[in-house]
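K.L.:
fold the stuff below for me.
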Amino acid sequence: MTDPEDLATQVRDGELRIHELEEYADHDTAAEARRLYVEQETDTDLESIGDYTFPAERAEPNIENMIGAAQIPMGIVGPVDVNGEETSSNGGGAATGEHYLPLATTEGALLASVNRGLGVIRTAGGADARVTKNGMTRAPVFRVKGVAEAAETVEWVNDNVDALAEAAESTTSHGELLDVEPYVVGDSVYLRFAYDTKDAMGMNMATIATGEACEIVEAETPASLVALSGNLCSDKKPAAINAVEGRGRSVTADVLIPGELVEERLHTTADAIAEANTRKNLTGSAKAGSLGFNAHAANVVAAAFLATGQDEAQVVEAANTITTMDARQREDGASDLYASVSLASLEVGTVGGGTKLPTQSEALEILGLRGGGEPAGSNADALAEIIAVGALAGELSLLAALASRHLASAHEDLGR
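P.N.:
So this is what the prediction gives:
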């Protein structure tokens, strides 16, 4: 067995590069050698970082220069009641039933708040949730001489989507090209490819498939590929196109809560919550120029992403959430509360990427959603719906706390 101390010395002496250690030792020994090297270079103790419970080789597809693992507290909320007693006429959503949702976070009071909202939703009969659109995008940018060549390229693309689909789908056994939408800006042509990636989040799948299709575009049109991603996708950054057109899964969840339940459990009224939502999430967000019209939907999404092995940077797109709260007057004059969240860009998967890591796999097991679903895509749909109901619960709880002026006291009570 190679001595990690020797490897660390060779790195320090410049005989080995830090990324080469797996060529000379197993993955765990290489990680230990890097820790030793970093400890010596930075005068630190990395005992906790090095205390992980899975073979380092399992993380090889997910990390380079591994030294250990980050440990984030994980809890559960729930049950998350999707559809509950009110199954719609066209059948339940992919996540119909009760599920415990693992959330990993360092923010105290978050899970307590979400659980409060979920308790109200359960008592109200559960929330409806549906994936309304699905399409992972990749948008390459091409160079042309001018508008005439741009128009020629767009015309060819529009007439030959089947040929592009054949090329793209030759790279994957699961992905399906749904659409190619052209955009022209001067002498640049952008083609926004959208794919059904089934139970995978599918970013890598979409990239590889689009690369194959781009070869056909270059061969058949005057366009020359400049970059496989032209940012019209748009990945891991705020973008209006994702808020409008969606990326990944677009999912909506809603619930109707009796007014008496609002007063009893949330200590406020439907009218007060609706007003707080309008003035804060809608008017306030509009004045701020925000792409997200919500209170803190990204909080739940980020915690769910960390727990279940999603790409945490894509929380940016998931923050493009619109929350609505309406007081619906009954015949007796009382008001019930209609609450909804619509997440235009929730990019989730139950296969591939970080979902294969041991901790994250166990979290998906809690949900009953580990691996591919039957039919394909149903597990990722279900995960999107459960996260949406969790986000709805978080919005409901926070807005109620604001409407009742209990936000600060709640944090004080929990010592956060």
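
K.L.:
I figured residue 281 hits residue 293, correct?
P.N.:
Yes - at 5.2 Å, residue 281 and residue 293 qualify as touching, with contact defined as C-beta atoms under 8 Å. Quick note: C-beta positions are derived from backbone N, CA and C, even for glycine.

K.L.:
check which residues of stretch 124-138 are buried.
P.N.:
Residues of stretch 124-138 classed as buried by neighbour count (16 or more other C-beta atoms under 10 Å): 124-131, 133-138.

K.L.:
for the stretch 201-350 of the chain, what spans make up the strands?
P.N.:
With DSSP state E, counting those that start in this stretch, the ranges of strands along the stretch 201-350 of the chain come out as 224-227, 248-257, 321-329, 335-346.

K.L.:
what's the closest residue to residue 260 other than its chain neighbours sitting at in phi/psi?
P.N.:
Spatial nearest neighbour of residue 260, chain neighbours left out: residue 334 (7.5 Å); criterion: C-beta to C-beta, 6 or more residues apart in numbering. Note on residue 334: its backbone torsions stand at phi -80, psi 160 [degrees, to the nearest 10].

K.L.:
ok, the nearest residue to residue 390 once chain neighbours are set aside - contacts?
P.N.:
The shortest distance from residue 390 to any residue other than its chain neighbours is 4.7 Å, reached at residue 300 (C-beta to C-beta, 6+ apart). Listed by C-beta atoms under 8 Å, 6 or more residues apart in numbering, the contact partners of residue 300 are 103, 110, 114, 387, 390, 391, 393, 394.

K.L.:
same check on residue 379?
P.N.:
94, 199, 350, 351, 369, 370, 371, 372, 373.

K.L.:
pretty sure the third one is touching residue 374, no?
P.N.:
What that stands for is residue 350. No - using C-beta under 8 Å as the test, residue 350 is too far from residue 374 to be in contact (11.9 Å).

K.L.:
which of the two has more residues huddled nearby?
P.N.:
Between residue 350 and residue 374, residue 350 has the larger neighbour count (other C-beta atoms under 10 Å), namely 27 against 8.

K.L.:
still on that earlier bit, can you put the contacts of residue 300 in TSV and add distance to residue 344, pLDDT and neighbour count?
P.N.:
Shown next, in TSV, are the contacts of residue 300 (distance: C-beta to C-beta, whole Å; pLDDT from 0 to 100; neighbours: other C-beta atoms under 10 Å):
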residue	distance to residue 344	pLDDT	neighbour count
103	22	98	30
110	23	97	22
114	21	98	29
387	14	98	32
390	17	98	32
391	12	98	30
393	19	98	31
394	17	98	31
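
K.L.:
as JSON lines, these with secondary structure and distance to residue 235 would be great.
P.N.:
Shown next, in JSON lines, are the contacts of residue 300 (DSSP: H, G, I helix; E, B strand; the rest coil; distance: C-beta to C-beta, whole Å):
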{"residue": "103", "secondary structure": "strand", "distance to residue 235": "24"}
{"residue": "110", "secondary structure": "helix", "distance to residue 235": "26"}
{"residue": "114", "secondary structure": "helix", "distance to residue 235": "27"}
{"residue": "387", "secondary structure": "helix", "distance to residue 235": "19"}
{"residue": "390", "secondary structure": "helix", "distance to residue 235": "23"}
{"residue": "391", "secondary structure": "helix", "distance to residue 235": "21"}
{"residue": "393", "secondary structure": "helix", "distance to residue 235": "28"}
{"residue": "394", "secondary structure": "helix", "distance to residue 235": "25"}
